[in-house]
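Participant: dropping the sequence and predicted coords here.
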Amino acid sequence: MTRPSSPLRTAARWAGRVGFALVALLLVAAGTVYAVSERKLGTKTPVAAHALTVAADPATVARGRHLAMTRGCTDCHGANLRGNTIIDDPAVGLVSGPNLTAGGRGPQLSDADWELAVRHGVRRDGTQLVVMPSNEFTVMTDEDLSAIVAYARSLPADAHATPAIKVGPVIRTMFAAGQVNILPAGEIEHAKSHLASIAVDTSVTYGKYVATGCQGCHNPSYSGGKIPGTPPDWKPAANITPAGIGHYTKAAFFTAMREGKRPDGSAIAPPMPIAMTKLMTDTELTALYAYLRTVPSKPYAVR
């Protein structure tokens with residue numbers, strides 16, 4: 001005679017079935033996320049390159065060095081552009097800037113390759129560069145971009161190697177769901193013309209030009225908030241609209257940007273790149289301060 005199953009055994013069997021179903025669903029979901037994200041990552045965006053004229057005179061190289069150090073190039077690509085690992089987190093992924101010297105990718109990059117990568121976020125075959133913030137650099141003038149290229153080519157060859165970029169499961173899921181964009185090329189108006197040069201002065205116009213480099217962290221409205229795609233322990237960006245720093249005097253703004261201190265004396269925590277902003281000239285900081293006073297006031301983290 002067959003003994004009737006005990007309630008405990010019945011519950012165990014059902015728990016096993018539910019567990020198996022959940023694992024199966026997770027595997028299907030993971031596979032879907034991977035497939036969707038890989039399809040997006042493989043999308044090509046053909047762009048016609050804009051011709052550059054790259055000089056190698058000392059003044060141009062010096063200008064390129066200053067721009068590389070104050071516009072974030074060395075922040076991602078490391079000192080002397082030898083490559084750098086920015087994020088290495090199992091959930092987020094591995095984000096690194098490649099070595100751009102003659103000992104790395106430098107010799108492979110033509111003037112057209114530089115222009116496509118920096119201002120359009122794509123390679124020569126149209127594949128999109130992951131996390132390259134070209135949406136911030138697309139407004140860079142021919143003169144400034146050429147100066148950065150000249151500086152990179154003037155550097156000694158360095159054999160330092162950085163690992164390839166890997167997209168972690170959390171960011172891959174958010175990317176597949178459209179919650180974070182790791183392909184900035186999709187945000188760029190590629191057919192838009194580029195300025196040959198811009199007057200370097202204390203005007204609001206030049207301040208707006210400089211401020212594009214702030215948008216990656218402080219968001220396009222400059223209202224701050226959590227920096228998309230960064231690890232949980234990264235501090236959020238501050239609101240730098242008048243609602244956030246409208247009480248800063250020009251002197252206080254200079255102190256914040258050069259010494260990393262707020263008007264009350266408290267320290268501004270990383271990832272605010274004080275090592276980068278402290279190198280900005282008085283002209284650049286004056287223009288930036290003037291521009292930020294003109295942007296619309298926004299509540300914190302409101303785009």
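Facilitator: Everything's here; your move.
Participant: wait, Gly225 sits on Pro299?
Facilitator: No: in this structure Gly225 lies outside contact range of Pro299 using Cβ atoms under 8 Å: 10.2 Å. Every C-beta, even on glycine, is put in place using the N, C-alpha and C of the backbone.
Participant: quick one: which of these two has more around it?
Facilitator: Each of Gly225 and Pro299 has its neighbours counted (other Cβ atoms under 10 Å); Gly225 has more, 17 against 11.
Participant: quick one: that one from Val302, how far?
Facilitator: Note on Gly225: its distance to Val302, by Cβ to Cβ, to the nearest Å, is 8 Å.
Participant: what's the answer for Gly106, then?
Facilitator: On the measure of Cβ to Cβ, Gly106 and Val302 end up 41 Å apart.
Participant: between those two, who's got more neighbours?
Facilitator: The neighbour count for Gly106 versus Val302, taken as other Cβ under 10 Å, is higher for Gly106 (19 against 13).
Participant: surely the more buried one touches Arg153?
Facilitator: Yes: look at Gly106 against Arg153 with Cβ under 8 Å: they come within range, at 6.6 Å.
Participant: spatially nearest residue to the spatially most central residue of the chain (excluding sequence neighbours)?
Facilitator: The residue lying closest to the centre of the chain (Cα atoms, centre = their mean) is Pro133, at 4.3 Å. Distances taken as Cβ to Cβ, 6 or more residues apart in numbering put Gly216 closest to Pro133, at 5.0 Å, once the chain neighbours are dropped.
Participant: centre of the chain to the host helix or strand of the one you found, how far?
Facilitator: Gly216 is part of helix 215-218, with elements assigned from DSSP states H and E. Distance of helix 215-218 from the chain centroid (Cα atoms, centre = their mean, to the nearest Å) equals 8 Å.
Participant: helices and strands around it, which ones?
Facilitator: Under the contact criterion of 3 or more Cβ pairs under 8 Å, 6 or more residues apart in numbering; DSSP states H and E, helix 215-218 touches helix 134-137.
Participant: so for the helix it packs on, mean pLDDT?
Facilitator: Averaged over helix 134-137, pLDDT sits at 96.
Participant: repeat for stretch 205-223
Facilitator: 96.
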